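*Asks:* Sequence and predicted model, in that order:
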Amino acid sequence: MRAIVIKEYGGPEVLRLAETEAPVPGPGEVLVDVGARGVNFIDVYQRSGAYQVPLPYIPGMEAAGVVAALGEGVRDFEVGQRVAWAMASGGYADQAVVSASLLLPVPDAVSTEQAAALLLQGMTAHYLTHSVHPVAEGETVLVHAAAGGTGLLITQLAKARGARVIGTVSTEAKERTAREAGADEIIRYTEAPVAPTVRELTGGKGVAAVYDGVGRATFDASLESLRPRGVLALFGQSSGAVEPVDPQRLNTAGSVYLTRPSLAHFVAEREELLDRAGDLFGLVEQGRLDVRIGGRYELGEAGQAQADLASRETTGKLLLV
């Protein structure tokens, strides 16, 4: 089969398409013919070596396709069924073997591309807005990179829970995209300072929560934008890792909370995984959640897709199809 095989850490150029042996499912595993793959920052972190994984390996932590074969003991799936997954590697290939415990059935009303574009970022947006800081009606929250794949989903889920959403973007085109997703206020961080503008928009109070997947470039503004006892959910580092933080800064900011959550800890149990994915699929089926696909690339264009994602010039979700 064809697969992107990474043999050394580095830039997008290490993403090389190769012919390799097709995998065989073992006990409790499922072989999937992959139809679409999500391109995510975790793929970039692993490729660069920022997150260490054993080499060589096939990247791709999120994908969707059709069941091709079942390993011994698998009872919950059948050949020909459409499925999707997140948090399991190997998606940048024609076929992938995935543990049945991580697979999710895809409803008929949800396309394969939607499923591949939704799960990792969608479940991240879900745990942030439903568990890390459960958004309450009438609250104001700040969403960084509001026109990105995760930002658009956080915005929609926060609005569905009755929040007022302030989003940060860099351009007029991204502002339009974020507003289409429901953002009430937009700060173009290239033109206005974020924290003072947040204070102006909230009458000096600050926001109940900041959802920050950018990291180093936004951390200080995020902390300064919180109301007393607010929550800073730092869930990513697309601009680089945050420097060590003196805990006294949390006191000075108003006894605020800082958390560095990860999706794996919010879908560790099969029941929670099914519940989160089920909520998201249901919203898509009902037309209440828009999954914006910002670009489609061939499998062999994985390097270009990751470079485009890392440039932070894209909107929505990028797919390898």
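*Replies:* Alright, I've got the coordinates.

*Asks:* give the contact list for Val214.
*Replies:* Val214 sits next to 144-145, 236-239 when contact means C-beta atoms under 8 Å, 6 or more residues apart in numbering. Where you see a C-beta, it was placed from the backbone N, CA and C, and this is true even at glycine.

*Asks:* Equivalent analysis for Leu263, please.
*Replies:* When contacts are counted by C-beta under 8 Å, 6+ apart, Leu263 touches 86-87, 120, 123-124, 127.

*Asks:* how near is it to Tyr57?
*Replies:* 19 Å (C-beta to C-beta, to the nearest Å).

*Asks:* Then Glu139?
*Replies:* According to C-beta to C-beta, Glu139 and Tyr57 sit 41 Å apart.

*Asks:* go on, Ala305?
*Replies:* When distance is defined by C-beta to C-beta, Ala305 is 18 Å away from Tyr57.

*Asks:* neighbour count winner among these two?
*Replies:* A side-by-side neighbour count of Ala305 and Tyr57, using other C-beta atoms under 10 Å, places Ala305 first with 24 against 16.

*Asks:* What residues are bridge-paired with the closest residue to Gly295 other than its chain neighbours?
*Replies:* Across the structure, with C-beta to C-beta, 6 or more residues apart in numbering as the measure, the residue nearest Gly295 apart from its sequence neighbours is Leu318 (4.6 Å). In this structure, Leu318 bridges to Val39, Gly295 when assessed by DSSP bridges.

*Asks:* Ramachandran angles for Val14?
*Replies:* Backbone dihedrals for Val14, given as degrees, to the nearest 10, come out at phi -80, psi -10.

*Asks:* my guess is it contacts Glu8, does it?
*Replies:* Yes: with contact taken as C-beta atoms under 8 Å, Val14 and Glu8 are classed as touching, separated by 5.8 Å.

*Asks:* Neighbour count: these two, which is higher?
*Replies:* Comparing Val14 with Glu8 by neighbour count (other C-beta under 10 Å), the higher total belongs to Val14, at 19 against 9.

*Asks:* Tell me how far that one lies from Glu301.
*Replies:* The gap separating Val14 from Glu301 is 14 Å, by C-beta to C-beta.

*Asks:* now Ala183
*Replies:* For Ala183, the distance to Glu301 under the criterion C-beta to C-beta works out to 31 Å.

*Asks:* between those two, which one's more packed in?
*Replies:* Applying other C-beta under 10 Å to Ala183 and Glu301 shows that Ala183 carries more neighbours, namely 26 against 17.

*Asks:* neighbours around the residue found closest to that one once you drop the neighbours it is linked to in the chain, how many?
*Replies:* The shortest distance from Ala183 to any residue that is not its chain neighbour, by C-beta to C-beta, 6+ apart, is 4.0 Å, and that residue is Gly167. Residue neighbour count, defined by other C-beta under 10 Å, stands at 30 for Gly167.

*Asks:* correct me, but Gly167 touches Glu180?
*Replies:* No: because the distance of 11.1 Å does not satisfy C-beta under 8 Å, Gly167 is recorded as not touching Glu180.

*Asks:* In contact with Arg288, which residues?
*Replies:* Taking C-beta under 8 Å, 6+ apart as the definition of contact, the neighbours of Arg288 are Ala160.

*Asks:* Using the three-state scheme, assign it.
*Replies:* Using DSSP: H, G, I helix; E, B strand; the rest coil, the secondary structure recorded for Arg288 is coil.

*Asks:* Need the per-residue pLDDT for it.
*Replies:* What the model reports for Arg288 is a pLDDT of 95.

*Asks:* Quick check: it vs Ala116, distance?
*Replies:* Shown here: Arg288 relative to Ala116, a distance of 20 Å by C-beta to C-beta.

*Asks:* same thing with Gly60?
*Replies:* Using C-beta to C-beta, Gly60 is found at 10 Å from Ala116.

*Asks:* Looking at the two, which one has more neighbours?
*Replies:* Neighbour totals were compared for Gly60 and Ala116, and Ala116 leads with 31 against 27 (other C-beta under 10 Å).

*Asks:* Was I right to think the more buried one contacts Arg82?
*Replies:* No: using C-beta under 8 Å, Ala116 is not in contact with Arg82, being 10.7 Å away.

*Asks:* hey, where'd the helices end up in this protein?
*Replies:* 41-48, 112-127, 149-160, 172-180, 194-201, 219-224, 248-252, 270-285, 302-310 (DSSP state H).

*Asks:* and those helices as JSON lines, adding mean pLDDT and distance to Pro27?
*Replies:* Converted to JSON lines, the helices of the chain look like this (pLDDT from 0 to 100; distance: least, C-beta to C-beta, whole Å):
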{"stretch": "helix 41-48", "mean pLDDT": "94", "distance to Pro27": "27"}
{"stretch": "helix 112-127", "mean pLDDT": "97", "distance to Pro27": "24"}
{"stretch": "helix 149-160", "mean pLDDT": "96", "distance to Pro27": "34"}
{"stretch": "helix 172-180", "mean pLDDT": "96", "distance to Pro27": "45"}
{"stretch": "helix 194-201", "mean pLDDT": "98", "distance to Pro27": "51"}
{"stretch": "helix 219-224", "mean pLDDT": "98", "distance to Pro27": "44"}
{"stretch": "helix 248-252", "mean pLDDT": "97", "distance to Pro27": "47"}
{"stretch": "helix 270-285", "mean pLDDT": "97", "distance to Pro27": "17"}
{"stretch": "helix 302-310", "mean pLDDT": "96", "distance to Pro27": "30"}
